[in-house]
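Asks: got a predicted structure plus its sequence, pasted below:
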Amino acid sequence: MSNQEEEMDYANADYEMGEFEEDMYFAGRIMGDTESEDDDDDDEHDYLDNKITDTSAAEARKGKDIQGIPWDRLSISRKKYRQTRLDQYKNYENIPQSGEGTEKECKLTRKGGVYYEFWQNTRSVKSTILHFQLRNLVWSTSKHDVYLMSHYSIIHWSSLSSKKTEVLNVSGHVAPSEKHPGSLLEGFSQTQVSTLAVRDNLLIAGGFQGELICKYLDRPGVSFCTRTTYDDNAITNAIEIYDGPSGAIHFTASNNDCGVRDFDMERFQLVNHFSYPWPVNHTSLSPDSKIIAIVGDNPDGMLVDSQTGKTIAPLHGHLDFSFASAWHPNGYIFATGNQDKTCRVWDARNLSKSVAVLKGNLGAIRSIRFTSDGQFMAMAEPADFVHVYDVKNGYDKEQEIDFFGEISGVSFSPDTDSLFIGVWDRTYGSLLQYNRCRNYSYLDF
């Protein structure tokens, strides 16, 4: 992934909705001016503001904008602003024109699917992003519980009680409260969290300098701190937590130093370290733990043996660098997301061509998730759109979730009942929650 200053400048210039304010001649303060660095000073104001601007399902059904944007008071309609965004949004590419070369292969899908319905939008939680290419900063552990980054804080949000709780603050000094071989007892200061993973009671944050901070949510303090590498190009791009063959919890870290590292959390030990020819942006382990899908700063991805790291097969088809991957629970279907604006669905039993090529509207596919029952797949663009596909009916139909703002992450709850979307915007930053459509939806009030 990119870590050069000019590329970050590009992201800052082109990826914040706040920057569109002048171009979009909005009347009044929409899409933001600046957001206070000190949230404490604004707590009372935020509380009062959020009581007004949060949106419930009942309000949305009566016509309120799901993000609380007052279109009737603006000099531009939602429809026109949407078209302007589609026309003006700049997709970041490492390989020029990569987004233009996939049209012929892309599957024509029918829109209009309704698989998840809007439940609530809360601006009480401000979801944020640190690196414009890394968008795995929202994780749900139940249909009511979600974890996300908000500046230097990792926040827990309960949609049941509508309360947010700070789980870990990395703005100061963070050090482990337990002693384990290989753990950096001195800890870290001012960690810039680039990626996050939360599963059951384990939370792992990865940093710009290769930091890994491991915390059990049912224990006080931090359990383990380590640095994957002291290489200059050390950023932690992705983390995946999984159950190892022996039953012990493991996690895999993907880094910009071209390394993939596997840690055993029972012993707090590094057990495998594989190196590849290019920076690794994301990895996903197959449900049987035997195969790792690896994507990174190369148009081609690969499947590798999880025990040896040796290549099983290359993945040919994408035209730019990839930042997302996910396995379907059936163990042979998986998907990859790329800056060429596509998600490719693959069958590990026949990799000669993709099962489906699914196209985004604005830009790169930066996050992919399957529901645990395998019925649906969500793919997130950098901004404005999350697409939910009906997997069991061949990706022929999709639900297009449409809003405004950069996407910090997407997460289905483990029971598939909820879909959470983090929205990063100076003014309308929030957390969107959609609930799976059921026959008893009349009970939602």
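Replies: Sure, I can see it.
Asks: can I get stretch 390-398 in PDB, CA atoms only?
Replies: C-alpha atoms of stretch 390-398 as PDB (Å, rounded to 0.1, in the frame of the first residue of the first chain):
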ATOM      1  CA  ASP A 390     -27.500 -12.200  -2.700                       C
ATOM      2  CA  VAL A 391     -24.800 -14.900  -2.900                       C
ATOM      3  CA  LYS A 392     -27.100 -17.900  -3.000                       C
ATOM      4  CA  ASN A 393     -28.700 -16.600  -6.100                       C
ATOM      5  CA  GLY A 394     -25.500 -16.100  -8.000                       C
ATOM      6  CA  TYR A 395     -24.900 -12.400  -7.300                       C
ATOM      7  CA  ASP A 396     -27.600 -11.500  -9.800                       C
ATOM      8  CA  LYS A 397     -29.300  -9.000  -7.500                       C
ATOM      9  CA  GLU A 398     -28.000  -6.400  -5.100                       C
END
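Asks: which residues touch it?
Replies: 107, 109-113, 115, 328, 333, 345, 355-356, 358, 370, 374-377, 387-389 (C-beta atoms under 8 Å, 6 or more residues apart in numbering). (Glycine included, C-beta is placed from N, CA and C.)
Asks: just the buried residues of those.
Replies: Buried members of these, counted by 16 or more other C-beta atoms under 10 Å: 107, 109, 113, 115, 328, 333, 345, 356, 358, 370, 375-377, 387-389.
Asks: nearest to residue 181 among the residues you listed?
Replies: Nearest to residue 181 out of the buried ones among the contacts of stretch 390-398 is residue 370 (C-beta to C-beta; 36.0 Å).
Asks: residues contacting that closest one?
Replies: By C-beta under 8 Å, 6+ apart, residue 370 lies in contact with 326-329, 335, 376-377, 391, 412.
Asks: closest one of these to residue 153?
Replies: Proximity to residue 153 was ranked across the contacts of residue 370 by C-beta to C-beta; first place goes to residue 412, at 23.5 Å.
Asks: contact partners for that closest one?
Replies: Counting by C-beta under 8 Å, 6+ apart, residue 412 touches 140, 369-372, 376, 378, 418-419.
Asks: please redo it, this time with the cut-off set to 10 Å
Replies: Neighbouring residues of residue 412 by C-beta atoms under 10 Å, 6 or more residues apart in numbering: 116, 140, 143, 369-373, 376-378, 388, 418-420, 434, 436.
Asks: for ChimeraX, write the select line for the buried members of those residues.
Replies: Buried members of the contacts of residue 412, defined by 16+ other C-beta under 10 Å, are picked up in ChimeraX with:
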select :116,140,143,369,370,371,376,377,378,388,418,419,420,434,436
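Asks: just the ones of the contacts of residue 412 in strands?
Replies: Among the contacts of residue 412, DSSP state E puts 116, 140, 369-370, 376-378, 388, 418-420, 434, 436 in strands.
Asks: which stretches of the stretch 51-200 of the chain have low pLDDT?
Replies: When residues are selected by pLDDT under 70, those of the stretch 51-200 of the chain lie in 51-52.
Asks: 80 instead?
Replies: 51-53, 101 (pLDDT under 80).
Asks: show me where it has strands.
Replies: 55-56, 110-111, 116-122, 138-142, 145-150, 153-158, 163-169, 173-174, 188-189, 193-199 (DSSP state E, counting those that start in this stretch).
Asks: mind putting those into a markdown table with distance to residue 257?
Replies: Shown next, in a markdown table, are these (distance: least, C-beta to C-beta, whole Å):
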| stretch | distance to residue 257 |
| --- | --- |
| strand 55-56 | 43 |
| strand 110-111 | 41 |
| strand 116-122 | 37 |
| strand 138-142 | 24 |
| strand 145-150 | 22 |
| strand 153-158 | 24 |
| strand 163-169 | 25 |
| strand 173-174 | 22 |
| strand 188-189 | 18 |
| strand 193-199 | 13 |
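Asks: coming back round to it: out of the contacts of residue 370, which are inside strands?
Replies: 326-327, 335, 376-377, 412.
Asks: residue 329 against residue 374, yeah?
Replies: Yes. Using C-beta atoms under 10 Å, residue 329 is in contact with residue 374, at 4.7 Å.
Asks: beta partners of residue 420?
Replies: Judged by DSSP bridges, the bridge partners of residue 420 are residue 411, residue 433.
Asks: quick one, what contacts it?
Replies: Applying C-beta under 10 Å, 6+ apart to residue 420 gives the contacts 119, 127, 138-140, 143, 145-148, 157, 159, 409-413, 431-434.
Asks: swap the cut-off to 6 Å and go again
Replies: 138, 140, 146, 411, 433 (C-beta atoms under 6 Å, 6 or more residues apart in numbering).
Asks: and residue 382, its phi and psi?
Replies: phi -60, psi -30 (degrees, to the nearest 10).
Asks: got a list of what it touches?
Replies: 363-364, 366.
Asks: could you dump those to TSV with distance to residue 188 and pLDDT?
Replies: Converted to TSV, the contacts of residue 382 look like this (distance: C-beta to C-beta, whole Å; pLDDT from 0 to 100):
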residue	distance to residue 188	pLDDT
363	32	95
364	30	97
366	26	98
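Asks: residue 257: which of those is nearest?
Replies: residue 366 (21.0 Å).
Asks: the closest one and residue 135 touch, don't they?
Replies: Yes. With contacts counted by C-beta atoms under 6 Å, residue 366 reaches residue 135, the gap being 4.2 Å.
Asks: and these two? which has more neighbours close in?
Replies: Ranked by neighbour count (other C-beta atoms under 10 Å), residue 366 and residue 135 place residue 366 first, with 30 against 27.
Asks: residues touching residue 278, list them.
Replies: Residues in contact with residue 278, defined by C-beta under 6 Å, 6+ apart, are 296-298.
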